[in-house]
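> I would like to see how this sequence folds:
(2 chains)
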Amino acid sequence: MRRRWMAAVAVSVAGLLTLSACGGGDKQESGGGQAAQKKVEVFSWWTGPGEADGLKAMREIFAKQNPNFEFFDAAVAGGSGDQARALLSSKLQANQPPDTFQGHAGAELQGYIKSGKLESLNFLYDELKLKEVFPQQLIDQISVQGQVYSVPVNIHRSNVLWFNPSVLKKAGIDGAPKTIEEFITDLEKVKKSGKIPLSIGSQWTLVHLLESVLLGSLGTDAYNALWTANADWSNANVTKALENFKTILSYAGSPQDDWQPAAKQVADGEAAFNIMGDWAYGYFHNPPEGGLGKESHKDFDWAASPGTDGTFMWLSDSFTLPKGAPNRDGAIAWLKVAASKEGQDAFNPLKGSIPARKDADQSLYKDYLSWDLEQWASDKLAGSIQHGVVANDQWRQAITDAVGLFQQDKDVAKFQQALVAAAKNSGQ
Amino acid sequence: MTRVRRWLPGLLLVSPSIILIAVFVYGLLGWNFKLAMTDKHDEIAEIPGNFVGLENFTGIWSEERWGLSVRHAIVFTVVFVGGALVLGWLLAFLMEKGIRAESGFRAVYLFPMAVSFIATGVVWRWLMNSATGEQAVGLNRLFHYVGLDFLQWQWFRDPDWGMAAMAIPAIWQMSGYIMALFLAGFRGVPEELREAARVDGCSEWGVYRHVVLPMLRPVTLSALIILGHISLKVFDLVVAVSGKQIITDVPATFMWTAVYDSHDPAKGATIASYIVLSVAVFVVPYLIWDARKGKR
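Numbers count the residues shown, from 1 in each chain, chains lettered A, B, ... in the order given. All right, here's what the predicted structure looks like:
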């Protein structure tokens, strides 16, 4: 009898130990973090070809300048940061931030700022005199009440029309369409020639298309006004823009899995047009390991998306200093590299974007990127929806839902109502 | 003392698992329901939620996306459960008739079960590519090669029947398992019963209709419940095939975007509650039935 007792006690104690071991494990983990104090955890979603190379180049500079820190790459794969942001928000919720993380400058970052997750970087901006080297509008987007909260590394352009010159020629089109009306005429011509007029990818690429169509139909000032406090989403101009969106969508080919297969349809001569951000350039142009190895102006070409010439729809990746970063010094060392001319000039040519700094070495940026740099300097600016500049996460998700539902029922009036509601409920 | 000795060791033995399940299953389930009844619609700002009763539960029905995802879940469930049951039963029926190398076939049909839904989804995303004509790949391409071009369709991108296409990989994966269940059921019917029926002049069809099938009822019910709860919770397959697009939205993917993209914990918890409740509709009657049978 006694034996049985002992056995029972032994098993239950073992069970309780397992229970407490769960808690113990966590402690050990954080203890381990203290032991390897020099590790700097950099959280990003740069894992694809090009972007990962850029990150590596910056990482090498970091290693050279900071021999006492070890760079720890906490990148999470997934275009536009979809998966990465989900993981990040659960980490921030649990107050276990990485040392520094990537965030889109603008409304997306504002969410983190308002909830007090980020430390102000004014000290760093003063120390390195960064306010003089970044454009003022960019600084505005990453500040709240005079405090700057992140270090922008690059600028991407969203409103780019990619096209296949030989497909256009066959359809009898001279050059890239300048206005939305011309665009629609051209789409019709391509359709008659038997090719796919416009290639599209998964649902988020339609939101991307929508922002270019809105900008092209409404004009820059009206577009920017949509994101201000008393924006009017219900007016007739927006209705017209959404009608355009509907017409343009009716020329779209069957949706591809993501933006790359959609872009590939243009490169392969199956489709004529594609509207995508300028990260597509790297995909078109890079050698076959990570790209399609196509020749610019011959196999593929680009222009401002219809009706948006003279306006630069931008987005920017930036790095932050979360409150309670385990290795704050290491994070600051990383931010210094990310802010430096050397770091940005190493990263951007590989990533296929232009530097956020105004004093970058222009000779490093060739072909598309030199055009991009020129436009950035002279154009008016507008912010991207899909890529976190003008709308916070809630608002963007509501727009995404509305676009997804519209894709099925093609009901413009309902679509507009959903957008009006999205603007009202965004809490931005 | 002797009484205590009788029950205490047993209790001590199971107490760790009771505690674990109480905290991590029922505790968190309760916490989820509580969260669903608050107005905590902002995750980052850490506002404490106020109790709002069932407002979230009724409010969500006015959202178009919710209606759509429920409809998708129903279509998926009907096609998947029906398809897997019929196919599984048919395979088991053929096996039962005694074919050669039966164990080999059994392994072949059961094997897809070993693959995760994610892996299945990745493969079927390619097979069910929606491009048609010249650009067709996957199954559409196959149809093109064998001259059945009229069979090409949009698969999971079809606005009306997309979710039926989504059920195909799930049927592919689970019908082998259902076959194994039914095979065990068939084998559980004593040969004497069949003999007796035949002696009484029953045709072979009649033997199945009046003897075997009624005895398979418990197996069918188990299969129905296993498939039903998998189907109502489906998430990984949908995400692997199409990501979180509205066109294949189900409650679980809606919950994911509500929590992580819209940062709305209360809405996410509401959807999670509905998923739990819908599964309970399947499982609870089974448990009651099972308990009654046990008593008998």
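> Need the contact partners of whichever helix or strand A:A423 is part of.
Assigned by DSSP states H and E, A:A423 belongs to helix A:412-425. Here helix A:412-425 makes contact (Cβ atoms under 8 Å, 6 or more residues apart in numbering or on different chains) with A:226, A:231, A:233-234, A:238-239, A:242-243, A:246, A:394-395, A:398-399, A:401-403, A:405-406, B:64. C-beta here means a position set from N, CA and C on the backbone, and glycine is covered the same way.
> need the helices for the stretch 101-250 of chain B, in chain order.
According to DSSP state H, counting those that start in this stretch, the stretch 101-250 of chain B carries its helices in the segments B:102-110, B:117-127, B:138-145, B:162-187, B:191-199, B:204-207, B:213-215, B:217-232, B:236-242.
> quick one: the longest one to chain centroid distance?
Here the centre of mass of C-alpha atoms in helix B:162-187, compared against the chain's by Cα atoms, centre = their mean, to the nearest Å, lies 10 Å away.
> returning to that earlier point: can you pull the buried residues of the helix holding A:A423?
A:412, A:415-416, A:418-420, A:422-423 (16 or more other Cβ atoms under 10 Å in any protein chain shown).
> low-confidence ranges in the stretch 101-250 of chain B?
Applying pLDDT under 70 to the stretch 101-250 of chain B flags no residue at all.
> residues from it in reach of chain A?
Proximity of the stretch 101-250 of chain B to chain A, by Cβ under 8 Å from any Cβ of the partner chain, involves residues B:125, B:129-132, B:134-135, B:154, B:157, B:159, B:242-247, B:249.
> Mark which of these are buried, thanks.
B:125, B:129-132, B:135, B:154, B:157, B:242-247, B:249.
> For stretch B:40-55, which residues meet the burial criterion?
Neighbour counts over stretch B:40-55 (16+ other Cβ under 10 Å) mark B:40-44, B:49 as buried.
> again, but for stretch A:222-236
By 16+ other Cβ under 10 Å, the buried positions in stretch A:222-236 come out as A:222-224, A:226-227, A:231, A:233.
> Tell me the one of the residues you listed nearest A:L198?
For the buried residues of stretch A:222-236, the minimum distance to A:L198 (Cβ to Cβ) is 20.8 Å, reached by A:Y223.
> Now for the closest one: which residues touch it?
A:Y223 is in contact with A:214-215, A:382, counting by Cβ under 8 Å, 6+ apart.
> Just send the residues you listed back as a markdown table, with secondary structure, pLDDT and distance to B:A101 too.
A markdown table is the format used below for the contacts of A:Y223 (DSSP: H, G, I helix; E, B strand; the rest coil; pLDDT from 0 to 100; distance: Cβ to Cβ, whole Å):
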| residue | secondary structure | pLDDT | distance to B:A101 |
| --- | --- | --- | --- |
| A:L214 | helix | 97 | 63 |
| A:L215 | helix | 97 | 65 |
| A:A382 | strand | 92 | 67 |
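> Weed out the non-buried ones from those.
For these, a burial check counting by 16+ other Cβ under 10 Å picks out A:214-215, A:382.
> can you pull the pLDDT of the nearest residue to A:D99 once chain neighbours are set aside?
Leaving out its chain neighbours, the residue that sits closest to A:D99 by Cβ to Cβ, 6 or more residues apart in numbering or on different chains is A:A331, at 4.1 Å. According to the prediction, A:A331 has pLDDT 94.
> what's the answer for B:I47, then?
B:I47 is given a pLDDT of 67.
> Next: A:S234.
Reported pLDDT for A:S234: 94.
> what's it in contact with, if anything?
Counting by Cβ under 8 Å, 6+ apart, A:S234 makes contact with A:416, A:420.
> and it, what helix or strand is that in?
Assigned by DSSP H and E, A:S234 belongs to neither a helix nor a strand.
> Please apply the same query to the one 4 residues further on.
For A:V238, the element it lies in under DSSP H and E is helix A:236-249.
> what does the helix or strand following that helix contact?
Next along the chain after helix A:236-249, taking DSSP H and E as the criterion, comes helix A:259-267. Outside of helix A:259-267, the residues within contact range by Cβ under 8 Å, 6+ apart are A:79, A:162-164, A:167, A:196, A:199-202, A:205, A:208, A:253, A:256, A:271-274, A:276, A:280, A:283-284, A:292, A:294, A:299-300, B:135.
> so how far is helix A:259-267 off the chain centroid?
That offset, for helix A:259-267, works out to 18 Å (Cα atoms, centre = their mean).
> cool, stretch A:167-185 as well?
28 Å.
> which among the buried ones among the contacts of A:Y223 gets closest to A:V40?
Using Cβ to Cβ, A:A382 is the member of those that lies nearest A:V40, at 34.8 Å.
> Name the secondary structure element that contains the residue lying closest to the closest one once chain neighbours are set aside.
Nearest non-adjacent residue to A:A382, counting by Cβ to Cβ, 6+ apart: A:M313, 4.8 Å away. Per DSSP H and E, A:M313 falls inside strand A:311-315.
> following that strand, which helix or strand shows up next?
Counting by DSSP H and E, the element after strand A:311-315 in chain order, helix or strand, is strand A:317-320.
> what about that next one, near chain B?
No - against chain B, strand A:317-320 shows no contacts by Cβ under 8 Å from any Cβ, the least distance being 13.7 Å.
> Which strands and helices lie in contact with that strand?
strand A:100-104, helix A:107-114, strand A:150-152, helix A:328-339 (3 or more Cβ pairs under 8 Å, 6 or more residues apart in numbering or on different chains; DSSP states H and E).
> Including mean neighbour count, could those go into TSV?
Compiled in TSV, the helices and strands packed on strand A:317-320 are given as follows (neighbours: other Cβ atoms under 10 Å in any protein chain shown):
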stretch	mean neighbour count
strand A:100-104	27
helix A:107-114	21
strand A:150-152	28
helix A:328-339	22
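> List the buried residues in stretch A:114-133.
For stretch A:114-133, a neighbour-count test (16+ other Cβ under 10 Å) marks A:114-115, A:117-121, A:124-125, A:128, A:130, A:133 as buried.
> Pull the distance from the helix holding A:A423 to the chain's centre.
Here helix A:412-425 is found 24 Å from its chain centre; the criterion is Cα atoms, centre = their mean.
> and the angle from that helix to helix A:236-249?
Between helix A:412-425 and helix A:236-249, the angle comes out at 120 degrees (axes from the mean of the first three to the mean of the last three Cα atoms, to 10 degrees).
> As PDB, could you dump the C-alpha coordinates of helix A:412-425?
Taking C-alpha atoms only, helix A:412-425 is exported to PDB below (Å, rounded to 0.1, in the frame of the first residue of the first chain):
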ATOM      1  CA  VAL A 412     -19.500  50.900 -56.800                       C
ATOM      2  CA  ALA A 413     -22.200  52.500 -54.500                       C
ATOM      3  CA  LYS A 414     -21.700  49.900 -51.800                       C
ATOM      4  CA  PHE A 415     -17.900  50.200 -52.200                       C
ATOM      5  CA  GLN A 416     -18.000  53.900 -51.700                       C
ATOM      6  CA  GLN A 417     -20.200  53.500 -48.600                       C
ATOM      7  CA  ALA A 418     -17.700  51.100 -47.200                       C
ATOM      8  CA  LEU A 419     -14.900  53.500 -47.800                       C
ATOM      9  CA  VAL A 420     -16.900  56.400 -46.100                       C
ATOM     10  CA  ALA A 421     -17.500  54.100 -43.100                       C
ATOM     11  CA  ALA A 422     -13.800  53.100 -43.100                       C
ATOM     12  CA  ALA A 423     -12.700  56.700 -42.900                       C
ATOM     13  CA  LYS A 424     -15.200  57.500 -40.100                       C
ATOM     14  CA  ASN A 425     -14.300  54.500 -38.000                       C
END
